[in-house]
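[1] Predicted coordinates and the sequence they were generated for:
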Amino acid sequence: MTNDLINLMADLKEEEVLTIVKKRLDTGEDPLLILDDSRKAMEIVGKRFAANEYFIPELVYSGEIAKEIAEMVRPMLVKGQDIKRLGKVVIGTVSGDIHDIGKNIVSFMLDIAGFEVYDIGIDQPPQSFIDKIQQTGASVVGLSGLLTLAFDSMKVTVDAIKDSGLRDNVKIMIGGGQMNDEIRKYTGADAYGEDAMAGVALAKKWIGVG
Amino acid sequence: MTETNIDQTKERLDLWCSAPDVAFETPQAEQDYRQRTRRISDAIQLKVPDRVPISPLVTFFPARYSGQTAQEMMYDPDKAYEAFKKVALDFQWDTAMNHINTLSGPMLEELDYKQLRWPGHGVPPDRSYQFVEAEYMKADEYDAFLDDPTGFMIRTYLPRICGTLAPFQLLPPLTMVFPYYVGLMLMIGNVAMTGAASAFESIIRAQEKFINLAMSVGIFNGEMQSLGFPILMGGTTQAPFDTLGDSLRGTQGIMLDMYRQPDKLLKALDKLLPSAIDMAVVSSAMALSPVIFIPLHKGARGFMSRKQFETFYWPTLHKLMLALIEKGLVPMPCFESDYSDRLDIIKDIPAGKAIYWFEKTDICKAKEELGDRVCLKGNVPSSIMCTGTPEQVREYCKKLIDVAGKNGGLIVDGDVGIPDEARVENVRAMTDFVKEYGVYK
């Protein structure tokens, strides 16, 4: 049955997936096993995305299914019971830019991949990133931005992280509509990720689990 | 069946070139105007012009260039006028860009518009306005939209996107006016009871504010033409998928609809097609130029698969473009992001009737696949324009002209226009290089 759930979810069969989850919960199964299957299915989705079989609509849809499963499972979880986390990531849209669709997808995929994600939201000044890095001890930072105005905001943010003395503690990745490796160099970030899965791969590499 | 086979595109472009009603300031201005419109018309019709035209779109670049903020331009059309005129005169491109896209801050404020944050209203004074996406139409509202799109727009959509139009949500169905004159009385009585009168008053005040910008733009177009600078864009419209995905369902919403309710999604797209055609026709009614700008947002590889593109995005965009071409209008879709893997699909368009503007699509590949069909526009990367050097700009433009400009069929611009934050020396380098190196021998 566990393989059924993984495969059906990877194939985006929403109704069947939810029926199976309900059945398994009714039989008193450990909810963590269900969450683990959900995570495995999302890994397959991620692989299909990387192989150009799946695109953003499939990430979004599988993400919705994963959320529905989490909602169903949550009441059954014993307090403090959770999946072991790989590492911490601070992510946000830089100052002056209010776009969040891409950032939200990356946040979600990082979360599914097992990271503890601190999403600080849109239009965030450098100090917010610094505060969150200090507070959480995160070792990976994601800067998001859609517009050309984000070029300078990203550079200012990376510079501020440097000035705060935290630069050596973190790896910084950038992403968003107008970004590319040219801009990565301009901002002084460590890497540019073309899409959500590239972001996950970078985080895994940096944290040493990839 | 028509007896004579009139080339509507040629007719409209010839009208643009001849500009019968324009009073030119000087004979030189007239000569410049004709040379520039001819250059662009030739490029569109896949003939070899005298040189590669350069016709950039600008939005808030003129603000920085003339030491203003975006906020000042959105609130004072006179200031925007001067800044855009300065750009046109200083750079001497083949077309002048007017300031309609700076929008009217006072109008947006009057309506309490929710779909944008603009300088001073949610973004800093020196930044561009930005779109606020949300599910302005809910997942379970397709039937309401399909049954009565006009009613849905007035009674459900407008109250959600404009605070002052909220009373419209209490209006009775507008069709009530038809049955018997009693219906008329009920309708009028309801307008009073629902407070819709205040919404109508807000529309009137908003119109008074908008008219300042509209008149300023009209005068600008006239002055620029008389000085020898044609205006490229006659009007604007959108692909139905983007209208539904941007303004109604939101990106996340429409993506889920592709899976959860594909049939309704397809019906809604068909329903939106006539208004997309109307928008192009209405917005270009006063314009000399037949070019219709169609910024494309969600059909790229980064948003959907080829199959999804073929199923959901392309059919209504294709029909829209064919309808415009039939009217002699020249569709100019701006393919934002990367379409390199779906060029064969978008190739299905009559030759010499459209401008395809590419952002990140491999322009060499585009020339190879589409060179005998459409004029290409683009695509000096924003990253180079904002952070690179004039040397990098020239290097890119050389490749662009050598490959995409071969035998005509190219108009140079930035990849999504001149970025607001472009370095002036890079804009200068792009301009000078195209004028010098772009001459066809």
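    All right, it came through fine. Numbers count the residues shown, from 1 in each chain, chains lettered A, B, ... in the order given.
[2] And for the most centrally placed residue in chain A, nearest residue in space, chain neighbours not counted?
    Centroid-nearest residue in chain A: A:L110, 2.4 Å away (criterion: C-alpha atoms, centre = their mean). Leaving aside its sequence neighbours, A:L110 sits nearest to A:V117 (C-beta to C-beta, 6 or more residues apart in numbering or on different chains; 4.9 Å). For the C-beta atoms, the positions are set from N, CA and C on the backbone; glycine is no exception.
[3] pretty sure that neighbour contacts A:V89?
    Yes - using C-beta atoms under 8 Å, A:V117 makes contact with A:V89 at a distance of 5.2 Å.
[4] Overlap in contacts, these two.
    Residues within reach of A:V117 and of A:V89 at once, by C-beta atoms under 8 Å, 6 or more residues apart in numbering or on different chains, are A:L110.
[5] quick one: which of these two has more around it?
    Each of A:V117 and A:V89 has its neighbours counted (other C-beta atoms under 10 Å in any protein chain shown); A:V89 has more, 29 against 22.
[6] Shouldn't the more buried one be within a strand?
    Yes - using DSSP: H, G, I helix; E, B strand; the rest coil, the assignment for A:V89 is a strand.
[7] Output stretch B:268-278 as CSV, nothing but the C-alphas.
    In CSV, the C-alpha atoms belonging to stretch B:268-278 read as follows (Å, rounded to 0.1, in the frame of the first residue of the first chain):
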residue,chain,number,x,y,z
ALA,B,268,-13.5,30.6,-20.0
LEU,B,269,-10.5,31.2,-22.3
ASP,B,270,-12.8,31.0,-25.3
LYS,B,271,-15.2,33.4,-23.6
LEU,B,272,-12.4,35.9,-23.1
LEU,B,273,-11.3,35.9,-26.7
PRO,B,274,-13.8,38.4,-28.1
SER,B,275,-12.9,40.9,-25.4
ALA,B,276,-9.2,40.4,-26.1
ILE,B,277,-9.8,41.3,-29.7
ASP,B,278,-12.0,44.3,-28.7
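[8] just for chain B, where's the confidence low?
    For chain B, residues meeting the criterion pLDDT under 70 lie at B:1-4.
[9] let's see it at 90
    Scanning chain B with the threshold set as pLDDT under 90 gives B:1-6, B:170-197, B:286, B:302, B:441.
[10] which bits of it sit near chain A?
    Applying C-beta under 8 Å from any C-beta of the partner chain, we find that chain B lies next to chain A at B:117, B:122-124, B:127-128, B:130, B:132-133, B:251-252, B:255-256, B:258-260, B:301-305, B:308, B:336-337, B:381-384, B:386-388, B:419-422.
[11] any idea how far the residue of chain A most remote from its centre lies from A:M76?
    Using C-alpha atoms, centre = their mean, the residue of chain A lying farthest from its centre is A:T27. It sits 31.6 Å away. Distance, A:T27 to A:M76, using C-beta to C-beta, to the nearest Å: 12 Å.
[12] Sketch out the helices for chain A, chain order is fine.
    For chain A, the helices defined by DSSP state H cover A:2-10, A:14-26, A:31-50, A:56-73, A:101-112, A:126-136, A:150-163, A:181-187, A:196-207.
[13] and those as JSON lines, adding mean pLDDT?
    Output for those, formatted as JSON lines (pLDDT from 0 to 100):
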{"stretch": "helix A:2-10", "mean pLDDT": "90"}
{"stretch": "helix A:14-26", "mean pLDDT": "96"}
{"stretch": "helix A:31-50", "mean pLDDT": "92"}
{"stretch": "helix A:56-73", "mean pLDDT": "94"}
{"stretch": "helix A:101-112", "mean pLDDT": "91"}
{"stretch": "helix A:126-136", "mean pLDDT": "97"}
{"stretch": "helix A:150-163", "mean pLDDT": "97"}
{"stretch": "helix A:181-187", "mean pLDDT": "96"}
{"stretch": "helix A:196-207", "mean pLDDT": "93"}
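[14] Would you reformat those as TSV and include distance to B:I154?
    As requested, the helices of chain A are exported to TSV (distance: least, C-beta to C-beta, whole Å):
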stretch	distance to B:I154
helix A:2-10	41
helix A:14-26	34
helix A:31-50	40
helix A:56-73	30
helix A:101-112	28
helix A:126-136	41
helix A:150-163	37
helix A:181-187	43
helix A:196-207	38
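[15] for the ones you listed, which one sits closest to B:A23?
    Set against B:A23 and scored by C-beta to C-beta, those come closest in helix A:150-163, at 43.2 Å.
[16] tell me which strands and helices the closest one is in contact with?
    Judged by 3 or more C-beta pairs under 8 Å, 6 or more residues apart in numbering or on different chains; DSSP states H and E, helix A:150-163 is in contact with helix A:126-136, strand A:140-144, strand A:171-175, helix A:181-187, helix B:382-387.
[17] if you set the cut-off to 7 Å instead, what comes out?
    With contacts taken as 3 or more C-beta pairs under 7 Å, 6 or more residues apart in numbering or on different chains; DSSP states H and E, helix A:150-163 sits against helix A:126-136, helix A:181-187.
[18] Please identify the helix or strand for B:D14.
    Assigned by DSSP states H and E, B:D14 belongs to helix B:8-18.
[19] measure B:T361 to chain A for me?
    14 Å (C-beta to the nearest C-beta, to the nearest Å).
[20] ok so that residue is a helix residue?
    No - going by three-state DSSP, the assignment for B:T361 is coil, not a helix.
[21] Spell out which parts of chain A neighbour chain B.
    When proximity is defined as C-beta under 7 Å from any C-beta of the partner chain, chain A approaches chain B at A:12, A:55-57, A:60-61, A:64, A:96, A:98-99, A:101, A:147-149, A:151-152, A:177-178, A:180, A:182-183, A:186, A:195.
[22] repeat that with 6 Å
    Proximity of chain A to chain B (C-beta under 6 Å from any C-beta of the partner chain) is limited to residues A:55-57, A:60-61, A:96, A:98, A:101, A:148-149, A:151, A:178, A:180, A:182-183, A:186.
[23] What is the burial count for residue 74?
    I'll assume chain A. 10.
[24] wrong one, I was asking about chain B
    Neighbours of B:M74 using other C-beta under 10 Å come to 29.
[25] nearest residue to it other than its sequence neighbours?
    With C-beta to C-beta, 6+ apart, the residue lying closest to B:M74 is B:G105, at 3.8 Å.
[26] thinking again about what came up before, give the buried residues for the helix holding B:D14.
    B:T9, B:R12, B:L13, B:W16, B:C17 (16 or more other C-beta atoms under 10 Å in any protein chain shown).
[27] which element follows it toward the C-terminus?
    Following helix B:8-18 in sequence, per DSSP H and E, is helix B:27-44.
[28] elements contacting whichever strand or helix holds B:F433?
    B:F433 belongs to helix B:424-437 when assigned by DSSP H and E. Counting contacts by 3 or more C-beta pairs under 6 Å, 6 or more residues apart in numbering or on different chains; DSSP states H and E, helix B:424-437 is packed against helix B:390-399.
[29] If I take the helix it packs on and helix B:424-437, what angle do their directions form?
    30 degrees (axes from the mean of the first three to the mean of the last three C-alpha atoms, to 10 degrees).
[30] Using PDB, write out the CA atom coordinates for helix B:390-399.
    Listed in PDB are the C-alpha atoms of helix B:390-399, where the atom choice follows Å, rounded to 0.1, in the frame of the first residue of the first chain:
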ATOM      1  CA  PRO B 390      29.300  49.400 -23.200                       C
ATOM      2  CA  GLU B 391      31.700  46.900 -24.700                       C
ATOM      3  CA  GLN B 392      29.500  44.000 -23.600                       C
ATOM      4  CA  VAL B 393      26.500  45.800 -25.100                       C
ATOM      5  CA  ARG B 394      28.300  46.300 -28.500                       C
ATOM      6  CA  GLU B 395      29.400  42.700 -28.500                       C
ATOM      7  CA  TYR B 396      25.800  41.400 -27.900                       C
ATOM      8  CA  CYS B 397      24.400  43.800 -30.500                       C
ATOM      9  CA  LYS B 398      26.900  42.700 -33.100                       C
ATOM     10  CA  LYS B 399      25.900  39.100 -32.700                       C
END
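[31] so how far is it from its chain's centroid?
    Its chain's C-alpha centre lies 27 Å from the corresponding centre of helix B:390-399 when counted by C-alpha atoms, centre = their mean, to the nearest Å.
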